[in-house]
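> Got a predicted structure plus its sequence, pasted below:
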Number of protein chains: 2
Amino acid sequence: MLINNINYRTVWMQDTSVYMINQQLLPFKFEIFQSKNYVETANAIKTMVVRGAPAIGASGAYGLAQGALAYEENNFDDFKRYVNDAYKVLNSARPTANDLSYALNFVKSKMFVNWSISNSKMRAFELAREYADWSVEVCRKIGEYGNKLIKNNQNILTHCNAGALACVDFGTALSPIRIAHYNRKKIFVYVDETRPRNQGAYLTAWELAQEKINHAIIADNAAGFFMKSKKIDLVVVGADRIAMNGDVANKIGTYEKAVVAKENNIPFYVAAPLSTFDINSKTGDYIPIEERSEEEILYISGIDENKKIKKVRIAPEESTAKNPAFDVTPAKYISGIITEKGVIRPVMEEIEKFVLSKYQNEE
Amino acid sequence: MLINNINYRTVWMQDTSVYMINQQLLPFKFEIFQSKNYVETANAIKTMVVRGAPAIGASGAYGLAQGALAYEENNFDDFKRYVNDAYKVLNSARPTANDLSYALNFVKSKMFVNWSISNSKMRAFELAREYADWSVEVCRKIGEYGNKLIKNNQNILTHCNAGALACVDFGTALSPIRIAHYNRKKIFVYVDETRPRNQGAYLTAWELAQEKINHAIIADNAAGFFMKSKKIDLVVVGADRIAMNGDVANKIGTYEKAVVAKENNIPFYVAAPLSTFDINSKTGDYIPIEERSEEEILYISGIDENKKIKKVRIAPEESTAKNPAFDVTPAKYISGIITEKGVIRPVMEEIEKFVLSKYQNEE
């Protein structure tokens, strides 16, 4: 993604350091966080310097390579134990992130070669890099397929941040928008601010501004108004988890937007890699909904007149809040799921076909 | 309404001063604003010390009485001119507020009695007080009718602030909730924070906390989740203007909530005095939508750790926003309109019957 006209990834590795765009500070400050060892990388994942499943996965993979490279003795079994310790520390940084375990296992299962420590170290780095490149390629393909759904002069609504910052590059929901823009289509993006954590206003708007893609932030409440006023031609959102019947768990508010989109006959697309499908969830009813801290509703961060980041309380002292972080959008509201293999209709038979083909390819 | 266990109105008059709960500072500070003359009262209306159509109306009426009482000469025609000047200043404080003109005309058209300046001054005060009392009574009746729709142990969603603070007392949407609570019904209120101006989190939650009514603030995005999870039994909102076919203009986001409520078979009620019906608007298409400053989206106010009110920017520097302040909810999504004369089904014949009877009573 372009930032100050320079091409960046969300996370990358150079020598023995992992570098990440520090998302704790965006959009108020653009800073690169340098992690010098795997413990610092695990900590960066834990404190959300980096967030978004694919970005966390790549960070974990690079962290494991860091761990391997840091080993200084000359005993292969001991080296394996050392790498395994790093694996555990990294894997526990975000317990529920599926991509993190997947990425760590991808590196660990293939890195030990020929009983050679130096070759295995090299291989760990190559595998981490391979994982990150693969993740970029998946997102790019989602963008290519999604781009075909976007016509010139269309207005697109998106919710939350399923952008390059959540991935290694391109993003999921923002990838079709990026590719359409690169193809010189004239588009305009309505960005839901996405309370309570404001990832739309903080991150999506910032990504779009950096790439000079025309957009406006709107209150989440205004999405329906713009749909009813025929100002929105299609909706594209990301997904945290997709059940095998096509029900989609995503950031809170996605369900409302989908219902109102259907009511107004506006196509509603979900953009997500095939790895988002959960073969253990038959329907959305099987997906647990995380309730997060009420502080996210009661407080907010911004920058004051001196450009200092400031956290303020925006509710009465006596009031409490309820904060479900995700909701489940039933498949019937979804026009299609944009994956790296094409656009899937959200019906069980078609999903099974795509997801099984993915597993077959991997075997 | 109870505040710190003392019974308050939003606005009242004593001697020659008008007193108002200063809504610029809520919920962070509770302060009474004292206006010593009609110019200060007009200014308080302009700067939103007081807001909400009925509260603005009563403030205007009291302001006109203030104007009359301030006249110190002894020439009746000159007195009339003086009062007329006050009328103009007050009437221009909020150009689009229908209730303001209505309240000012109510006082001005009846205050000049017997060519006696002192009697007319007294009459002006009495008429202003009468207007405020009438406004309270209308809201109380809305509460009584609305209370009948609320069962014990129910959960209610409300949007924005259609509370006592927007009226002289009781509120419109909050009046049924208050009366149900006074009748010892066990209820729980989900309060949409209502971005961008946060009147739900700032004012509704504060009113409910003061009266010890159980509630939780939720992100506007979460309302659909709670509806789909069967946690919400009914929705009650206010209205800014109602067309003769039952289409309702109200705070942005009302439309989305109404669509999602219908999708989940949850009754959706609008609480509003009959004066909210606009006989010049046949349908919602005739109601213009005000676009407000994008600053309301890009900045937010809260209190910092030192209890100081602080405004912070919550969006990238390069991003802009779009901020429609209201939306129109078509009548088909509305279960009923709770008025001071009973609950009206949102269909033209029934609305005409009620609204015409109101005009006949007034003649």
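Perfect, thanks for sending it.
> now the helices: where do they sit in the stretch 1-150 of chain A?
Assigned by DSSP state H, counting those that start in this stretch, the stretch 1-150 of chain A shows helices spanning A:38-46, A:53-70, A:76-91, A:98-111, A:117-147.
> for the stretch 251-363 of chain A, same thing?
Using DSSP H, counting those that start in this stretch, the helices of the stretch 251-363 of chain A run over residues A:254-263, A:295-298, A:348-362.
> Residue B:328: which of the ones you listed is closest?
Of all the helices of the stretch 251-363 of chain A, helix A:254-263 sits nearest to residue B:328, with 13.7 Å by Cβ to Cβ. C-betas here are computed from N, CA, C, even on glycine.
> what about that closest one, near chain B?
Yes - with Cβ under 8 Å from any Cβ of the partner chain as the measure, helix A:254-263 is seen reaching chain B through A:255, A:256, A:259, A:260, A:263.
> so what does that helix touch, helix or strand wise?
Using 3 or more Cβ pairs under 8 Å, 6 or more residues apart in numbering or on different chains; DSSP states H and E, the elements in contact with helix A:254-263 are helix A:223-228, strand A:234-237, strand A:268-271, strand A:326-329, helix B:223-228, helix B:254-263.
> Next, the angle helix B:254-263 makes with that helix.
Compare the direction of helix A:254-263 with that of helix B:254-263 by axes from the mean of the first three to the mean of the last three Cα atoms, to 10 degrees and you get 90 degrees.
> Give the buried residues for helix A:254-263.
A:254, A:255, A:256, A:257, A:258, A:259, A:260, A:261, A:262, A:263 (16 or more other Cβ atoms under 10 Å in any protein chain shown).
> what does stretch A:207-218 give?
With burial defined by 16+ other Cβ under 10 Å, the residues of stretch A:207-218 counted as buried are A:207, A:208, A:209, A:210, A:211, A:213, A:215, A:216, A:217, A:218.
> ok so, going back, would you turn the residues of helix A:254-263 next to chain B into a markdown table with pLDDT?
Shown next, in a markdown table, are those (pLDDT from 0 to 100):
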| residue | pLDDT |
| --- | --- |
| A:255 | 98 |
| A:256 | 98 |
| A:259 | 98 |
| A:260 | 98 |
| A:263 | 98 |
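> ok, which residues in the stretch 251-363 of chain A are in contact with chain B?
Looking at chain B, the residues of the stretch 251-363 of chain A close enough under Cβ under 8 Å from any Cβ are A:251-253, A:255-256, A:259-260, A:263, A:289, A:294, A:297-305, A:310-324, A:327-328.
> Only whichever of those are buried, select them in ChimeraX.
Buried residues within these, by 16+ other Cβ under 10 Å, are selected in ChimeraX with:
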select /A:251,252,253,255,256,259,260,263,294,297,298,299,300,301,302,303,310,312,313,314,315,316,319,321,322,323,324,327,328
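> Restricted to strands, list the residues of the stretch 251-363 of chain A next to chain B.
Cross-referencing these against strands under DSSP state E gives A:251, A:299, A:300, A:301, A:302, A:303, A:310, A:311, A:312, A:313, A:327, A:328.
> Give me every residue in the stretch 101-250 of chain A lying close to chain B.
Counting by Cβ under 8 Å from any Cβ, the residues of the stretch 101-250 of chain A lying close to chain B are A:190-191, A:193-196, A:198, A:201-202, A:205-206, A:208-209, A:215-226, A:228.
> where are the low-confidence patches of chain A?
Applying pLDDT under 70 to chain A flags the ranges A:96-97, A:359-363.
> Quick one: neighbours of residue A:130, just the number.
Residue A:130 has 15 neighbours, counted by other Cβ atoms under 10 Å in any protein chain shown.
> Tell me the spacing between it and residue A:136.
Distance of residue A:130 to residue A:136, computed by Cβ to Cβ, to the nearest Å: 11 Å.
> go on, residue A:102?
From residue A:102 across to residue A:136, the span is 16 Å (Cβ to Cβ).
> between those two, which one's more packed in?
It is residue A:136, of residue A:102 and residue A:136, that has more neighbours when counted by other Cβ under 10 Å, with 19 against 15.
> Please name the nearest non-neighbouring residue to the more buried one.
What sits nearest to residue A:136 in space, not counting adjacent residues and going by Cβ to Cβ, 6 or more residues apart in numbering or on different chains, is residue A:169, at 4.5 Å.
> do residue A:258 as well
Excluding the flanking residues, the one nearest residue A:258 by Cβ to Cβ, 6+ apart is residue A:333, at 3.8 Å.
> Residue A:211 now?
residue A:2 (5.2 Å).
> Pull the contacting residues for the one you found.
A:8, A:210, A:211 (Cβ atoms under 8 Å, 6 or more residues apart in numbering or on different chains).
> what's the burial count for the nearest residue to the second one once chain neighbours are set aside?
What it means is residue A:210. Spatial nearest neighbour of residue A:210, excluding adjacent residues (Cβ to Cβ, 6+ apart): residue A:3 at 5.1 Å. For residue A:3, the neighbour count with other Cβ under 10 Å is 16.
> same deal with residue A:171?
As a burial measure, residue A:171 scores 32 neighbours (other Cβ under 10 Å).
> For chain B, see how far away it is.
Distance, residue A:171 to chain B, by Cβ to the nearest Cβ, to the nearest Å: 16 Å.
> show me what contacts that residue?
Shown in contact with residue A:171 (Cβ under 8 Å, 6+ apart): A:1, A:139, A:143, A:161, A:162, A:163, A:164, A:165, A:178, A:207, A:238.
> Give me the spatial nearest neighbour of it, chain neighbours excluded.
residue A:163 is the one closest to residue A:171 (Cβ to Cβ, 6+ apart), at 3.9 Å.
> Now distance to residue B:49 and secondary structure too, for the buried residues of stretch A:207-218, in a markdown table please.
Formatted as a markdown table, the buried residues of stretch A:207-218 follow (distance: Cβ to Cβ, whole Å; DSSP: H, G, I helix; E, B strand; the rest coil):
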| residue | distance to residue B:49 | secondary structure |
| --- | --- | --- |
| A:207 | 40 | helix |
| A:208 | 38 | helix |
| A:209 | 36 | helix |
| A:210 | 41 | helix |
| A:211 | 43 | coil |
| A:213 | 41 | coil |
| A:215 | 35 | strand |
| A:216 | 31 | strand |
| A:217 | 29 | strand |
| A:218 | 29 | strand |
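> Now distance to residue B:22 too, for those, in TSV please.
Shown next, in TSV, are these (distance: Cβ to Cβ, whole Å):
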residue	distance to residue B:22
A:207	40
A:208	39
A:209	37
A:210	42
A:211	44
A:213	42
A:215	37
A:216	33
A:217	30
A:218	30
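> And what about residue A:196, helix, strand or coil?
Three-state call for residue A:196 (DSSP: H, G, I helix; E, B strand; the rest coil): coil.
> I figured it hits residue A:296, correct?
Yes - checked against Cβ atoms under 8 Å, the pair residue A:196 and residue A:296 is within contact range at 4.3 Å.
> residues touching residue A:107, list them.
Residues counted as contacts of residue A:107 (Cβ under 8 Å, 6+ apart) are A:61, A:64, A:65, A:124, A:127, A:128, A:131.
> And the fifth one, how far from residue B:298?
Between residue A:127 and residue B:298 the distance, using Cβ to Cβ, works out to 44 Å.
> Check the fourth one too.
Distance check for residue A:124 against residue B:298: by Cβ to Cβ, it reads 45 Å.
> and what of the second one?
In this view, residue A:64 and residue B:298 are 41 Å apart by Cβ to Cβ.
> just to revisit the earlier point, return the closest of the buried residues of helix A:254-263 with respect to residue A:152.
Nearest member of the buried residues of helix A:254-263 to residue A:152, counting by Cβ to Cβ, is residue A:261, at 21.0 Å.
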